[in-house]
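> everything below, folded, please.
(chains A and B)
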Amino acid sequence: MPYNIIVLIKQIPDLELIKINKDTGAPILEGVPYRFENLSKNAVEAAVRLKEKYGGKVTAVMFGNEKGTQVMKEAYAMGVDDGYIITGYTESNPRFTAKVLANKIKQIPHDIIILGNQSADSMSGMLASFLATQLNYPLLSNALKIEINDKTAIASEGAEKFVADETAPLPCVISVTQETNEPRFPPVMMIMKAGQKKINIEPLNLPVESYSKVLSKMAPKSERKRIIFEDMDKGLPEIVKVIKEVVK
Amino acid sequence: MDFKLSPETESILNMVSEFSRKKIEPIANKIDSDEFDPKGLFREMGSLGILGITVPEEYGGANLDYLTQGLILEELSYYSASIGLSYGAHSNLVMDNLNRNGSKHQKERYLDKMSKGELIGSLCLTEPGAGSDAIGSMKTTYNKMEDEKYKINGSKIFITNAPIADLFLTYARNGSIYSAFLLERADGVETPKKLKKMGMRGSPTGEVVFNDIVVGKDRLMGNEGDGRRIIMSGLNSERAVLAFGPLGIARRALEDSINYSTSREQFGQKIGDFELIQERLAYMFTKLEAARLLAYKAALMTKEELLDPSYAASSILFASETATEITKHAIMIFGGYGYMSEYPLERYHRDALLYEIGAGTNEIRKIIIGHNIQKKRFK
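Numbering: from 1, shown residues only, chains lettered A, B, ... in the order given. Predicted coordinates for the structure are as follows:
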């Protein structure tokens, strides 16, 4: 039975290229290119695999800005059929993001909504539950394996050493982890075809609401004492002493 | 003029880069030290659609240009020069050549499987006694037999991919007539020896022997007598595309050097703060960017209607010399660590030197350039 699947994706600054301001500890974001957020790729992979198994359609939705078109094209190249970018994203505000996304999701036919259990930049991990609440759908979180049986989703959820199978009636929200799958590398021909496909860009049509406020995002300070003991025999007891003090 | 690539090309390169980071980078040292067999990687590159990048879609390709092929080769070479070289031999030297000169039947027989990485290709030109004088001194012969069949005898040497290849695009002569043949391993082609090399150790190189190989007319590529033209045009696109190999090696050596210079401390400060290190870095960057510009231009100029061999020859001449210099500077920046096999710097240098020799030596490239620029100006 074919399903309408919605996958939520995100673009983030390339974390490997972010430098930290030495004096303030703030990340330097100017000039850092944006790329496909890691767990969003796992979500797309999960959605496309479901489509390949059961048939149907995958629609990607992103709350971001116009720069997100490259990421959306990469999602198309992985097998996403249709995509919406809602522009106007400014900062991490998961509850508002959930509201914006829920608003859009309601306009698109859907049976299953898939997203990453957190994102590699802000890592709040709150979006999936906020979204399920907004839509009043059940949430299957941290799914390692997803199967659909008629009108029921079955997810194997990883919790420490255990794996639990959980079910939920459709429509439902499913969050995935980086262990869920290995995202495919999009082949050249899919990339070429993705370049021709239309991306729907829509401005944010809700007033921005702030439910949470980011007070500070600074690199943790690690001040090394840089104590060097040159004499091995005298140094060892000194090091033991220092360690004992710290452990206290 | 801006140097922006199309979003599709950017996406293809992102994909190749991510693939290489996950699948090649972790084994890059092993590829060199264990003379790793890249056959499995060919299958993976096939499923990504990068092997047939310049051949039409009906043969599993993407119908893209030499610049894209070169950029893919650069990206692979950034992680492993050996894999880049084997890719170039298969994808450009054999597939692109076959696509330009082969019959419909030949393309159908080989190209789709080569796009998927199911068949690996190898181009056979150089012989033990025929290096730079590849055409004049060629000793591999063919004879036309009564029943329209051809018998090929001779041997080739320093052939990239030969030990793992299934298809051998081979040049042979009948007196002063040169022709190209598509020979399969099953026809009796032998590859007795895998050769030991200074660098490029993960790209298998070997000897190829043709002992009374008899094939039908369907294995002749183009017409009898087309060999000379096919060799020359093939070498031209080969040079334009392979020039991106040394670019990839040099880019890696420069990036590693920058990372090291900004982290290694001596005399209580980062070594990158010393002007003698900065001088090396500045020189490396400038040469690399110059080599890149020439490589882009030569790749875009390499089209049938614009054919001017001086561009492709100067591109790989400059890129290969640049990579040799840059990788040497990188070793010097790393000092003792640069000389150790535990670090990849000495590998970059060993790998880079190949490009001053393979695809026609730098001496031959200079002769081509010197000859052609005079012909153009004074004609």
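
> whichever residue of chain B sits closest to chain A - how many residues pack around it?
Across chain B, no residue is closer to chain A than B:Gly49, which sits at 3.4 Å (CB to the nearest CB). (Each C-beta comes from the backbone N, C-alpha and C, glycine too.) As a burial measure, B:Gly49 scores 24 neighbours (other CB atoms under 10 Å in any protein chain shown).

> over to the one 5 residues further on?
Here the count is done by other CB under 10 Å, and B:Thr54 has 21 residues near it.

> pretty sure it contacts B:Asp96?
Yes - counting by CB atoms under 8 Å, B:Thr54 does reach B:Asp96; the two are 4.8 Å apart.

> what touches both of those two?
Common contact partners of B:Thr54 and B:Asp96 (CB atoms under 8 Å, 6 or more residues apart in numbering or on different chains): B:Gln69.

> what's the distance between the residue of chain B closest to chain A and B:Met95?
13 Å (CB to CB, to the nearest Å).

> equivalent analysis for B:Arg264, please.
43 Å.

> again with A:Glu230
For A:Glu230, the distance to B:Met95 - CB to CB - is 62 Å.

> these two: which has the busier surroundings?
Using other CB under 10 Å, the more surrounded residue of A:Glu230 and B:Met95 is B:Met95, with 30 against 6.

> quick one: pLDDT of residue 245?
Looking at chain A here, since you left the chain open. We note a pLDDT of 85 for A:Glu245 in this prediction.

> let me rephrase: I mean chain B.
98.

> strands of the stretch 151-300 of chain B, start to end?
Per DSSP state E, counting those that start in this stretch, the stretch 151-300 of chain B carries strands over the ranges B:167-174, B:177-184, B:205-215, B:220-221, B:265-266, B:269-270.

> so for A:Met123, which of those strands sits nearest?
strand B:269-270 (31.3 Å; CB to CB).

> paired strands for the closest one, with orientation please.
Using DSSP bridges, the strands paired with strand B:269-270 in its sheet are strand B:265-266 (antiparallel).

> so what's the model's average confidence on the strand it pairs with?
95.

> check stretch B:222-237 too.
For stretch B:222-237, the per-residue pLDDT averages 93.

> what of stretch A:102-120?
92.

> ditto for stretch B:320-334
Averaged across stretch B:320-334, pLDDT comes to 98.

> got the CA coordinates for that stretch in PDB?
C-alpha atoms of stretch B:320-334 as PDB (Å, rounded to 0.1, in the frame of the first residue of the first chain):
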ATOM      1  CA  SER B 320      52.700  17.800 -12.500                       C
ATOM      2  CA  GLU B 321      55.800  20.000 -11.900                       C
ATOM      3  CA  THR B 322      53.700  22.000  -9.400                       C
ATOM      4  CA  ALA B 323      52.600  18.800  -7.500                       C
ATOM      5  CA  THR B 324      56.200  17.600  -7.300                       C
ATOM      6  CA  GLU B 325      57.300  21.000  -5.800                       C
ATOM      7  CA  ILE B 326      54.300  21.400  -3.500                       C
ATOM      8  CA  THR B 327      54.600  17.900  -2.100                       C
ATOM      9  CA  LYS B 328      58.300  18.500  -1.500                       C
ATOM     10  CA  HIS B 329      57.600  21.800   0.400                       C
ATOM     11  CA  ALA B 330      55.000  19.900   2.400                       C
ATOM     12  CA  ILE B 331      57.600  17.300   3.500                       C
ATOM     13  CA  MET B 332      59.900  20.100   4.500                       C
ATOM     14  CA  ILE B 333      57.200  21.900   6.600                       C
ATOM     15  CA  PHE B 334      56.600  18.600   8.400                       C
END
